[in-house]
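Undergrad: make a model of this:
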Amino acid sequence: NAIIKSNVNNVVLAKITSITNADPNANGTAVPTGTQRQIAQFKFSTAAASNLKNGTNKFTLSGVIFNVNATNVQLGTGDNSAAATSTFKLYNRADQSVKATCTGSGGTVLAPAPSPKAQSGSLIVICKNLMATSINTEIDPGSDVTFVLEAQIANAKISNSSTSTLQVSVQGFTDIAATLFGAADSHIAWADKDNASAPNVFKWIEYPDTSVNGTSYNG
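TA: Coordinates of the predicted model:
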């Protein structure tokens, strides 16, 4: 006379099989400088599927939050916390002409408040509501898409006496209990999307690793 409970199971018709570093630069590459610099590239690969009702289901990225370690590196010269002035951009590598603006939060602000300017240190970059932008975040079954994060790097070595490090990672996306997308919640939101009007949206991915690191740039 006891209630029998099991673990929660979610049925999806689109599924990620791997998230990997797709940056062609090797670890230890010098920190780049200038505007529109690629600081991370991650390849999302999906499982093959043959379901056809309402069209093929596609993994569609709705939001992603990147953890950025910019030790002794100055990111931008303007206010990265506001979409109107942020230099953080996300795009599908297959079409670099269409980009979505992301915003930076946290880290060390290199100008007095309340007008934050450049950032350094450990921060997060929030790319949200991606399905409402013009970039293509849909991934066909059995295929892959590489998403690129770019930024302005105003100074690759703030202090000549210190080592510079720049690395981007994707963390905090494997908790099945996550119901919200945000800095203190899940760092990925995605839709199991077909031609129906209301796709299922998830805040977690079943994955063996809790963090995926991009290339570590040094200087």
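
Undergrad: for the chain, longest strand please?
TA: As assigned by DSSP state E, the longest strand anywhere in the chain is strand 58-75.

Undergrad: okay, it in CSV with CA atoms only?
TA: As requested, the backbone C-alpha atoms of strand 58-75 are provided in CSV (Å, rounded to 0.1, in the frame of the first residue of the first chain):
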residue,chain,number,x,y,z
LYS,A,58,14.1,20.1,-35.0
PHE,A,59,16.2,21.0,-32.0
THR,A,60,15.8,24.8,-31.8
LEU,A,61,18.1,26.9,-29.5
SER,A,62,16.0,29.5,-27.7
GLY,A,63,18.6,30.7,-25.2
VAL,A,64,22.1,30.1,-24.0
ILE,A,65,24.2,31.7,-21.3
PHE,A,66,28.0,31.5,-21.6
ASN,A,67,30.5,31.7,-18.7
VAL,A,68,33.4,33.9,-19.7
ASN,A,69,36.8,34.0,-17.9
ALA,A,70,38.6,37.2,-19.1
THR,A,71,41.5,37.5,-16.7
ASN,A,72,43.6,40.6,-17.4
VAL,A,73,41.5,41.1,-20.6
GLN,A,74,39.3,44.1,-21.4
LEU,A,75,36.1,43.2,-23.2
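
Undergrad: measure how far whatever helix or strand comes next after it is from the centre of its chain, please.
TA: Going down the chain from strand 58-75, the next helix or strand is strand 89-92, by DSSP states H and E. Chain-centre distance of strand 89-92: 9 Å, with C-alpha atoms, centre = their mean, to the nearest Å.

Undergrad: mean confidence for the helix or strand following strand 89-92?
TA: Using DSSP H and E, the helix or strand that directly follows strand 89-92 along the chain is strand 100-101. The average pLDDT for strand 100-101 rounds to 98.

Undergrad: now do stretch 156-173
TA: Rounded mean pLDDT across stretch 156-173 is 96.

Undergrad: what about it, how long is it end to end?
TA: Criterion C-alpha to C-alpha, to the nearest Å; first-to-last residue distance in stretch 156-173 is 30 Å.

Undergrad: would you mark the buried spots in it?
TA: Across stretch 156-173, burial judged by 16 or more other C-beta atoms under 10 Å covers 156-158, 164, 166-173. To be clear about C-beta, it is placed using only N, CA and C from the backbone, and glycine gets the same treatment.

Undergrad: which two from those residues end up farthest apart in space?
TA: The span of the buried residues of stretch 156-173, defined through C-beta to C-beta, is set by K157 and F173 at 31.8 Å.

Undergrad: need phi/psi at M131.
TA: Phi and psi for M131, reported as degrees, to the nearest 10, are phi -70, psi -20.

Undergrad: give me the number of residues near it?
TA: Counted with other C-beta atoms under 10 Å, the neighbours of M131 add up to 18.

Undergrad: quick check, it in contact with V64.
TA: No: judged on C-beta atoms under 8 Å, M131 makes no contact with V64 at a distance of 12.0 Å.

Undergrad: dead centre of the protein: give me the residue that sits there.
TA: V64 (4.0 Å; C-alpha atoms, centre = their mean).
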